[in-house]
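Colleague: here's a sequence, model it:
(chains A and B)
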Amino acid sequence: DAGVIQSPRHEVTEMGQEVTLRCKPISGHDYLFWYRQTMMRGLELLIYFNNNVPIDDSGMPEDRFSAKMPNASFSTLKIQPSEPRDSAVYFCASSPREGIWGRNEKLFFGSGTQLSVL
Amino acid sequence: KNEVEQSPQNLTAQEGEFITINCSYSVGISALHWLQQHPGGGIVSLFMLSSGKKKHGRLIATINIQEKHSSLHITASHPRDSAVYICAVSLNQYSGGGADGLTFGKGTHLIIQP
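Modeller: Numbering: from 1, shown residues only, chains lettered A, B, ... in the order given. Take a look at the predicted model:
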């Protein structure tokens, strides 16, 4: 398996523009997570899906952020309109249910998208 | 909201030294995760712990639920261990402390010099 695939690797855009980040999870993984990493705040969970259904979006900073998972093999994170404070590395991760307790113990991260909003 | 504190923030050591990174959290949890972020930015899950100790190669992770504290140890450290080590905790009772709903520490930046 190729692992979790994110695109693009780097995105530079101007304030006010729409940004779409893409993620392909590992086949068979039930959970998909979107995280944001900044120097000031570290890693933060934005939203996660279980079987394509959004479970917890309390980490989404504001209405400018939206995420979708139309099928088990694809998810998008959209920022519209983008602002300079959105500049960060955005990670997608997926996780399988494992073991007798059915817990998702391991996260598999994509390489991240480095977003710069000028 | 759970606060997750890691110490030290930065650590530089010589090859071969025994390394300890600490993580403390403020409220009861279901499980604790240790992650490793490589200099290139890639992130790898190392351990998930809900009690006791786990070992993988030269890495050992321990947790004391009563004291709300976990440690990550590296034996016979090597320059390739240089990375940021991140502690994360889960409050999610329904998933038994799985990876959903994690709160992260700021990370410990480890440099192992040859």
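Colleague: what's near enough to touch residue B:89?
Modeller: B:2, B:4, B:25, B:29, B:31-33, B:102-103 (C-beta atoms under 8 Å, 6 or more residues apart in numbering or on different chains). All C-beta spots, glycine's among them, are computed from the backbone N, C-alpha and C.
Colleague: again, only this time at 10 Å
Modeller: By C-beta atoms under 10 Å, 6 or more residues apart in numbering or on different chains, the residues touching residue B:89 are B:2-4, B:23-33, B:68, B:70, B:97, B:101-105.
Colleague: the helix or strand of chain B with the lowest mean pLDDT and chain A in contact?
Modeller: For chain B, using mean pLDDT, DSSP states H and E, the weakest element among its helices and strands is strand B:102-104, scoring a mean of 86. Yes: Strand B:102-104 is in contact with chain A by C-beta under 10 Å from any C-beta of the partner chain, via B:102-104.
Colleague: tell me the SS of the residue most central in space within chain A?
Modeller: Most central in chain A under C-alpha atoms, centre = their mean is residue A:34, positioned 2.5 Å from the mean C-alpha point. With DSSP: H, G, I helix; E, B strand; the rest coil as the basis, residue A:34 sits in strand.
Colleague: and stretch A:64-72, which residues are buried?
Modeller: The neighbour-count check on stretch A:64-72 (16 or more other C-beta atoms under 10 Å in any protein chain shown) flags A:65, A:67, A:69, A:72 as buried.
Colleague: re earlier: can you lay out the residues of strand B:102-104 next to chain A as a markdown table showing distance to residue B:37 and neighbour count?
Modeller: What follows is the residues of strand B:102-104 next to chain A, written out as a markdown table (distance: C-beta to C-beta, whole Å; neighbours: other C-beta atoms under 10 Å in any protein chain shown):
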| residue | distance to residue B:37 | neighbour count |
| --- | --- | --- |
| B:102 | 14 | 28 |
| B:103 | 16 | 22 |
| B:104 | 11 | 20 |
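Colleague: from the residues you listed, pick the one nearest chain A.
Modeller: Each of the residues of strand B:102-104 next to chain A was scored against chain A by C-beta to the nearest C-beta, and residue B:104 proved nearest at 4.2 Å.
Colleague: ok, now which ones touch residue 113?
Modeller: Defaulting to chain A. Residue A:113 touches A:6-11, A:19, A:21-23, A:77, A:88-92, counting by C-beta under 10 Å, 6+ apart.
Colleague: nope, chain B please
Modeller: Residue B:113 is in contact with B:12-15, B:17, B:77, B:79, B:82, counting by C-beta under 10 Å, 6+ apart.
Colleague: check residue A:43 too.
Modeller: Going by C-beta under 10 Å, 6+ apart, residue A:43 touches A:35-37, A:89, A:91, A:109, B:35, B:37, B:43, B:86, B:88, B:102-107.
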